[in-house]
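Chemist: could you work out the structure for the sequence below:
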Amino acid sequence: MDYDAIILGAGGAGLLAAATAGQGGARVLVLDHAAKAGKKILISGGGRCNFTNMGVEPDCFLSENPHFAKSALARYTQWDFLALVEAHGIAWHEKTLGQLFCDSSARQIVAMLLDECAKGAVQVRLNTPLGDIAHGDGLFRVAGARAPNLVLATGGPSIPKMGATGVAYDIARQFGLGVIPPRPALVPFTLGPDDADLRAIPGTSCASVARVGATSFEEATLFTHKGLSGPAILQVSSYWAPGDAVALTLLPGAGQALRDARRKMPRAHLKAALAEHLPSRLADTMATRIGFSRQLGNLSDADLDRAADMLTDLRLHPDGTEGYAKAEVTAGGIDTADLSSKTMEARAVPGLFAIGEAVDVTGWLGGYNFQWAWSSGVAAGEAIAARVVG
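Modeler: The predicted structure follows:
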């Protein structure tokens, strides 16, 4: 069968690109090796899908070219996707920091996307190995189908248990596109033996500011049996490289807080003062790290300043991350230098497009990566439809 476009990947980006192109008049085929469409959507947000964020801005995305995402994000915004959600009668709510979730189930988002595909007469073929991809005479040939346009929407290798692979990178290289080395992003850190005390308090969480270099996020940090997790840690992990320090502020204004504690309970020890502000096990651990055995009343201002430094600038050196198995997304990917920021089409290979997580654009935690999937998918879908109609 002949089509105007073949889209590889029945995830968020691929399905919305297909729906957009199909409703614009293109004959579209979606191929995926998985048994279900939208598998990552189904598990996202605790099963309720954090489908976008009210605060989406280009500065919330990482890329070798920080300007690349601007065009697509401006032309299909979070408000556009929210309007689609509401048009399908899907109830939603806002959680912290502008994060939008379904009230009921992520299955509603997948059903919405498949319904939009049906409106455009899109064919979705699952359980289909891609096999070799050929290109000649202006046509791409995949799994027995032919089309002048091919869209790479297979994502990255994060969460391999869901069937995720790096096949998009292999196809991109096949056609001469560059690939920025991929790495796990929005991922927990592992800590080595020097920080065994922090690994000994798994499940402990506290408000914090986490920093890598000049980048910081003020959210919760979670201590795990392997190291560090929680929203603040996942956020800074996207900016981390092996060898970098991760700095934590566990108690803002610690210097004054400790002076107040010395005045109010001079016979108490440091652990008691810290327990006023931190979870008990973390207070115990930090008091042991700081190492004062004397009562607060016997500590000098210099002693308290030294303790405050550790509480406001705790420097840790992760020995790695938990890898793609625990990564929310993949950073790096198909080089944006080889793509049009308006259409997502490869500059040197007419008809070849790349969208979503496969591309070197990575958003913050909190719905940003879904918005990039929607925005980049619509950009490619509109370009294909315009080419067919034209």
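Chemist: pretty sure Ala275 sits against Arg281.
Modeler: No. Here Ala275 lies out of contact with Arg281, judged by CB atoms under 8 Å, at a distance of 9.7 Å. C-betas here are computed from N, CA, C, even on glycine.
Chemist: what's the neighbour count on Ala254?
Modeler: 23 (other CB atoms under 10 Å).
Chemist: ok, now how distant is it from Ile384?
Modeler: Applying CB to CB, to the nearest Å, the value for Ala254 to Ile384 is 56 Å.
Chemist: how close does Ala241 get to Gly120?
Modeler: Where Gly120 is concerned, Ala241 sits at a distance of 42 Å (CB to CB).
Chemist: more crowded one of the two?
Modeler: Gly120 (19 against 8).
Chemist: surely the more buried one is in contact with Val28?
Modeler: Yes. The criterion here is CB under 8 Å, and Gly120 meets it with Val28 at 6.7 Å.
Chemist: find the residues that touch each one of these two.
Modeler: The contact sets of Gly120 and Val28 overlap at Ala18, Ala21, Gly22 (CB atoms under 8 Å, 6 or more residues apart in numbering).
Chemist: tell me which of the residues you listed is nearest to Glu94?
Modeler: The nearest member of these to Glu94, counting by CB to CB, is Ala18 at 28.6 Å.
Chemist: can you pull the phi/psi pair for Thr221?
Modeler: Main-chain dihedrals, Thr221, degrees, to the nearest 10: phi -110, psi 140.
Chemist: so the spatially closest residue to it that is not a sequence neighbour, which state does it fall into?
Modeler: Leaving out its chain neighbours, the residue that sits closest to Thr221 by CB to CB, 6 or more residues apart in numbering is Ser208, at 4.1 Å. Three-state assignment for Ser208 (DSSP: H, G, I helix; E, B strand; the rest coil): strand.
Chemist: what sits against Ser208?
Modeler: Glu218, Glu219, Ala220, Thr221, Gly230, Ala232, Leu248, Thr249, Leu250.
Chemist: swap in 6 Å and give it another go.
Modeler: Thr221, Ala232, Leu248, Leu250 (CB atoms under 6 Å, 6 or more residues apart in numbering).
Chemist: can you tell me how far the closest residue in space to His88 that isn't next to it in sequence is from Thr285?
Modeler: Distances taken as CB to CB, 6+ apart put Met112 closest to His88, at 4.5 Å, once the chain neighbours are dropped. Going from Met112 to Thr285 by CB to CB gives 46 Å.
Chemist: what do you get for Trp92?
Modeler: 39 Å.
Chemist: with Gly367 instead?
Modeler: Gly367 sits 33 Å away from Thr285, going by CB to CB.
Chemist: cool, and Asp303?
Modeler: Counting by CB to CB, the gap from Asp303 to Thr285 is 19 Å.
Chemist: and those two? which has more neighbours close in?
Modeler: Comparing Asp303 with Thr285 by other CB under 10 Å, the one with more neighbours is Thr285, at 20 against 17.
Chemist: by contact count, what packs against the helix or strand hosting that one?
Modeler: Taking DSSP states H and E as the definition, one finds Thr285 inside helix 280-290. Applying 3 or more CB pairs under 6 Å, 6 or more residues apart in numbering; DSSP states H and E, we find helix 280-290 packed against helix 270-275.
Chemist: got the buried residues for the helix it packs on?
Modeler: Leu270, Lys271, Ala273, Leu274, Ala275 (16 or more other CB atoms under 10 Å).
Chemist: just stretch 134-141 next, same as before
Modeler: Quick answer for stretch 134-141 (16+ other CB under 10 Å): Leu139, Phe140, Arg141.
Chemist: and for stretch 159-169?
Modeler: Along stretch 159-169, these residues count as buried under the neighbour rule (16+ other CB under 10 Å): Ile159, Ala164, Gly166, Val167, Ala168, Tyr169.
Chemist: got the contact list for the closest residue to the third one other than its chain neighbours?
Modeler: Meaning Gly166. Distances taken as CB to CB, 6+ apart place Pro157 nearest to Gly166, at 4.6 Å, with adjacent residues excluded. For Pro157, the contacting residues are Ala164, Thr165, Gly166, Tyr324, Thr330, by CB under 6 Å, 6+ apart.
Chemist: which residues does Ala185 bridge with?
Modeler: Val329 (DSSP bridges).
Chemist: any chance you could list what contacts the helix holding Thr285?
Modeler: Residues contacting helix 280-290 (CB under 6 Å, 6+ apart): Asp197, Ile201, Thr204, Cys206, Leu270, Lys271, Leu274, Ala275, Ala307, Met310.
Chemist: just to be sure, Phe81 is in a helix?
Modeler: Yes. The assignment for Phe81, made by three-state DSSP, places it in a helix.
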